[in-house]
Each structure stands twice: as structure tokens, then as C-alpha cells.
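1. Sequence and predicted model, in that order:
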Amino acid sequence: MNEFLEYSKGVITDFLQTVVVVDDEAFLDEACQTSMLTELPATVGRGVTSKRIEQTFVESDNLHQLNAKKLSDTFAQKGLLCTTLRPTDDEINTYKNVLKKADIVILDWKLKSEEADGKTAKELIKSIIQDTDGNTQKSLRNIVIYSGENNLQEKIESVKNDLAGELEEPKRPDEYSLVYDNLQIKIYAKKATQRKPLDTSVLKYEDELVESIINDFINQTAGLVPNMALQSLAELRKNTHKILGVFSKELDEAYLSHRIMLPNSYDSELFMVNILISELEALLLNSSNVMTSLAIENIMKWVDENFNEEDYVRLLHNEFVICKDGNKPEGAKDFFSYPSNVQTLKQGTNLLDLLKEKLDSDKEKVTELIKKLFTENLEKTECKLIKQNEKKLKKLHDFSKKIYKSEQSAQEIEDKFAILSTLTTKYMNPKPYLTLGTIIKKEGSYYLCIIPRCDAVRKQEGEHSYPFLKLKESQDKFSLVIKDPNYKKFKIMDKPEELIMIKMKKDNVDSNIPLYANELKFIGIDELDSEIEYTWIAELKREKAQSILKTFSDKFSRVGYNESEYIRRAAL
């Protein structure tokens, strides 16, 4: 395991806290474990001696036993709390809520004495991946089936078929695994009990199983961005008591006093939530562990883990001059030798051949070059882009195409990252409401609401006009990316004359409640007083929405003023 995976393993073990095992034949006292192996006597005949032959395993009542103490002790050594539940047939359904809270769930395939095809285990898996409303959620989950049965590939295929109506087609890293985004389901064989033929590659004793599960987590999540997220969540978990110490019950009276004195009491609820958010932000920004997860040292470990020769060459070849004459990084003179004519170098294959040669003979210097690229600003780095014209550099916005193997995949991850940085993520299913930054759609036309947040809340029942800016699809110049249902790019039409007022109907009697969408639909009123449906699409992050409103306001308040050219030119 290389340095990046070792670092990721540390992050993951820091994050993971709870394991729940459900096995109706688990035992804690090894003295209670009965013999699970039966050796058949050898028979003497032609070509067979009376010496002990290879052991043969037969069916036994205790075939599926689990050493819960060994499993719990091994998890404890990794810093994880492992709870084992040994249910009777009537108790299994009561465990569903407990399993939703566990980081890792381990299930026996056969949980009831009289059942076939892992029916109960599959029912529990479905309940784990569903939220309280019964909707399938793509949370980070690691579900393990640990079984003494044979033909485990058939068992995992049965799980896949059972989830076909709930989830899309899974990735299959191996024949014993199912990976659905952040959800991973894998089946392992109990080494102490499985009969022949053996599923050798997944055959594990209890203590071996622990290491395998953690390694599965690493393969599932190891990355710069996931490491940052996991480390952040680990910091929040570790500091929960500190946060609760700040938000103590002693503040209740102060909060109530604040609420009573507000013109709109609803504001006090958002006020307290925003204070909590700011405290969580302060905790994370002050954590050296969180900041280290994205530091250049770990970026270089990531490069070492993920880059092969093709990746290095793709990143540095063609678009890049390694070092330009008169602007060489220290030690670069003996690194690359190339013609002084930059264009000749670009058109030829000298650089490509040179890169491949240097990757073999002097990878350390190539790595140092990559480090400079990720450390310095692209326009200021000593390793500059070939500037055939300045516009090309200024328009460069999708550099991931130089890092990612597939240009199509690179475009998709750029769009995903753009959405993550500008749109709020809906983790639950609350009713959306109309406010600053809300994006709605009518018959293929998209609109961005720019009403101030306080005005969006304080509306009486009836019809009200809301200000909107139209969004125009554009592949060339754009400042918003939306997925509906495919990725679409938009330019904001933010000139004052392009402001649109749309009349909306509010049925809420309470003036402190904003205009909520009903099943993602807002009801608008046209010029003929007819009702029109507008569909809620997304909501911008607060800072992005406020920035757009500020830009629009600046254009709205421009001053046209003529003065003496003597004065105007003197100020230039």
C-alpha cells in the first residue's frame, strides 16, 4: 500500500466509529463453540494409503457460527465500537433503525431458521438504504454479508437482482462486490465453517475480515476530496461535546428574549441555525487535519498513486513547454534540452520522447515539475503554457481534460464540481420556496429570482410580483451549470432592461412563511389572469446569489455624466 492509500486509511479509521453485526449464531464465549468440522475417515484401497488424507467438510448444525468476541476485539484495536445482535425470528425487524445509524453493517446470509435465499438479509439491506419516507438514498454505506454458505457469487447476484428496482446498475470490481456510488455491498465466506467448494478469494477468519472491510472502504472512498470530507466529519464527531458546550441550555432564555423582540419571529429560527453553521465552519477551518488533507504533500501522494506514464505525458505534452529560455526553474538546464524555437518543439515529437525518457531515468524531476504546476498560479508559474495567443490562456477553464483520461468524463466532473460550488444540495425533501437565488422553469425557459431574502418571506396571502433575470443557454460564455435532467450551461441576462416581473400566487395565510412550491410547482398569473405553472429547478448558494444581485444592482445604478474633457482625461 503506497503513501496515499496509507494516509487515506488513517483518515477512514479516524472517521469510522460503529459496526453492527447481525448473526443468529454469534457466540462470545469460545467454550460455547461446538466442533464445526467433521473429518471423514480414509478408506484403504488401490492407490490409497492409510495415512491421513485431505480433510473433507460436511454439513453441520453449527455451520454458520460467528466468533463475535474475536470480531469485536479486532475492531476495537482499530478504534471502532462493534455491537453484535443475535436475534430471534421475531426480533429482526426491530433492528432496522439501529442498522441505519451504523457505519458498517455485517449480516449473516441466513438469519432465520426456516428461510431460503437470504430473504431477511435482503430485506434489511433495503431498509438500510431507504430514508424514513421509504426513498432510496445514496449515503456512504458499507454492507457486508458474512456467510458460511457455498456459491457466494450466486448470493451476491441475488442481492443485485433484488435491488434492481431501487438502484441503477452497479459497478462490479469483482464477482463478490456491488458498488452503487457511495454504497458498497460485498459478500465474504466464513473461513472457519464454509464447505467445499471454497470461495477462496473471500474466505476470511473474523480477524482477517476486519482488515478486508477497511481496505474495501479505502478502495471505495480514497481520494483528495473524499478524504477532506471524511476528515471534516471525523473532526465534527470528535468535537461534538465541545459544540454542545457552546450551545448550552443556559442560552434558552436569551434566545426566547431575542425571538420575542423580533418583528418576525420566524427569523429567529434561521438566526440560530446560521450561528451553528458559523461555529462548525470555525471548527473545521481551525483544524490542521482538515487542511492537511488537501495540501500539496497529499496531492503529490495522489499523483503517485493515480498517474501512469500516459497520464504524465498527457498532462505535459503538446500544450506545455517545460521551461522557456530565460525563465528556467532552478536546475532546469540539465533537465530538458530543446530547440530555442518553441513552435518547432511543439510540432515535433521531441518533447513526447523526452518525457517518456525522463519518466524512466529521472521521474523525481518530472514529479517536481508537476508539483510546481499544482503549487503556482497557472499564468504565473515558471512552467508556462505555450502562448500562441493570450486569449487561449484567458479562456482556459476546463483544465481537468489534461488530468482526466477521458475528455467526456472530464467534462462531466467539471460540471458536477461547478454545481457543487454554486447550487445548494438538497439532502432531504423539504418543500422548496421562492427566494433570492431560486431557479424556476416554464416551457423550456429558465428564470433566476433576485428578490431580497427578507422580502421573500414577508408576503401576505394573495398575488405578488417577483423580480427575475432570464437565463440563456450558452456553451461559450456561461456562469451557471444546472442539471435538468442533463447538464446545461447558462449565461445570466443581467442588464437592467432585461429584468422580468412575474406575478405569483401565495396561499399561505401566515405572512412570515415564504411562498412554498407544491410538488415543485409554483402558480403564476399571466396578463390574462390565467394560472401558469412554474417548476422549481434549483437554488443558488447564498454567496453566489448575492454576488449576482450585486452585479445587477451596480448596472442598475450606473451614472451617465458628462464633464469637461480636461477633468476626465486628467484623471486617467
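-> Now that the structure is in, tell me what you want to look at. Numbers count the residues shown, from 1 in each chain.

2. Can you list the low-confidence ranges for this structure?
-> 29-63, 132-134, 138, 192-195, 316-362, 377-398, 508-512 (pLDDT under 70).

3. Would you map out the domains in it?
-> 3-41+51-221, 226-292, 307-396, 428-556 (automatic domain parsing).

4. Between the two ends of the last one, how far is it?
-> Pointing back at domain 428-556 there. 37 Å (C-alpha to C-alpha, to the nearest Å).

5. Output stretch 67-79 as CSV, nothing but the C-alphas.
-> The C-alpha trace of stretch 67-79 is given here as CSV (Å, rounded to 0.1, in the frame of the first residue of the first chain):
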residue,chain,number,x,y,z
ASN,A,67,-16.9,-15.7,16.9
ALA,A,68,-18.3,-12.3,17.9
LYS,A,69,-15.6,-11.7,20.6
LYS,A,70,-12.8,-12.1,18.1
LEU,A,71,-14.5,-9.8,15.6
SER,A,72,-15.3,-7.1,18.3
ASP,A,73,-11.8,-7.2,19.7
THR,A,74,-10.2,-6.8,16.3
PHE,A,75,-12.4,-3.8,15.5
ALA,A,76,-11.7,-2.3,19.0
GLN,A,77,-7.9,-2.4,18.1
LYS,A,78,-8.8,-0.2,15.1
GLY,A,79,-10.7,2.2,17.4
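
6. Give me the contact list for that stretch.
-> 13-14, 16, 19, 21, 23, 26-30, 33, 81-84, 86, 106, 192, 205-207, 209-210, 214 (C-beta atoms under 8 Å, 6 or more residues apart in numbering). For every residue, glycine as well, the C-beta is placed using N, CA and C.

7. Buried ones in that stretch, by neighbour count?
-> For stretch 67-79, the buried set under the neighbour-count rule, 16 or more other C-beta atoms under 10 Å, comprises 67-72, 74-75, 78.

8. got a markdown table for those residues, with distance to residue 183 too?
-> Output for the buried residues of stretch 67-79, formatted as a markdown table (distance: C-beta to C-beta, whole Å):
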| residue | distance to residue 183 |
| --- | --- |
| 67 | 27 |
| 68 | 25 |
| 69 | 29 |
| 70 | 27 |
| 71 | 22 |
| 72 | 24 |
| 74 | 24 |
| 75 | 21 |
| 78 | 22 |
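
9. mind listing which of those are in helices?
-> Per DSSP state H, helices hold the following members of these: 68-72, 74-75.

10. quick one: which of those residues is nearest residue 281?
-> Nearest to residue 281 out of these is residue 75 (C-beta to C-beta; 32.2 Å).

11. Could you dump the domains of the chain into JSON lines with distance to residue 419 added?
-> Output for these, formatted as JSON lines (distance: least, C-beta to C-beta, whole Å):
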{"stretch": "domain 3-41+51-221", "distance to residue 419": "15"}
{"stretch": "domain 226-292", "distance to residue 419": "16"}
{"stretch": "domain 307-396", "distance to residue 419": "20"}
{"stretch": "domain 428-556", "distance to residue 419": "6"}
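
12. Quick one: closest of the ones you listed to residue 417.
-> domain 428-556 (9.0 Å).

13. Spit out the contact partners of the residue nearest to residue 100 when sequence neighbours are not counted.
-> Using C-beta to C-beta, 6 or more residues apart in numbering and skipping the chain neighbours, the partner closest in space to residue 100 is residue 128 (5.9 Å). Taking C-beta under 8 Å, 6+ apart as the contact definition, residue 128 lies against 96, 99-100, 105, 141, 143.

14. got the phi/psi numbers for residue 128?
-> phi -70, psi -40 (degrees, to the nearest 10).

15. Any figure for the gap between it and residue 300?
-> Look at residue 128 and residue 300: by C-beta to C-beta, to the nearest Å, they are 37 Å apart.

16. Repeat that for residue 363.
-> Taking C-beta to C-beta, one finds residue 363 at 12 Å from residue 300.

17. again with residue 122
-> Taking C-beta to C-beta, one finds residue 122 at 44 Å from residue 300.

18. again, but for residue 554
-> 42 Å.

19. which of the two has more neighbours?
-> Neighbour count, other C-beta atoms under 10 Å: between residue 554 and residue 300, residue 300 has more, with 18 against 10.

20. For my notes, confirm the more buried one occurs in a strand.
-> No: applying DSSP: H, G, I helix; E, B strand; the rest coil, one finds residue 300 to be helix, outside a strand.

21. phi, psi of residue 484?
-> Torsion angles, degrees, to the nearest 10, at residue 484: phi -160, psi 80.

22. let me fix that: residue 491
-> According to degrees, to the nearest 10, residue 491 has phi -100, psi 140.

23. how far away is the nearest residue to it once chain neighbours are set aside from residue 548?
-> In this structure, residue 491 finds its nearest non-sequential neighbour in residue 474, 4.2 Å apart by C-beta to C-beta, 6+ apart. Residue 474 sits at a distance of 16 Å from residue 548 (criterion: C-beta to C-beta).

24. repeat for residue 462
-> Residue 462 is 28 Å from residue 548, by C-beta to C-beta.

25. still on that earlier bit, now for the domains of the chain, which one comes closest to residue 411?
-> domain 428-556 (8.2 Å).

26. Just give me the longest helix of this structure.
-> The chain, longest helix under DSSP H: helix 266-285.

27. Any idea which residue is closest to the centre of the protein?
-> With distances taken as C-alpha atoms, centre = their mean, residue 226 lies nearest the centre of the chain, 6.3 Å away.
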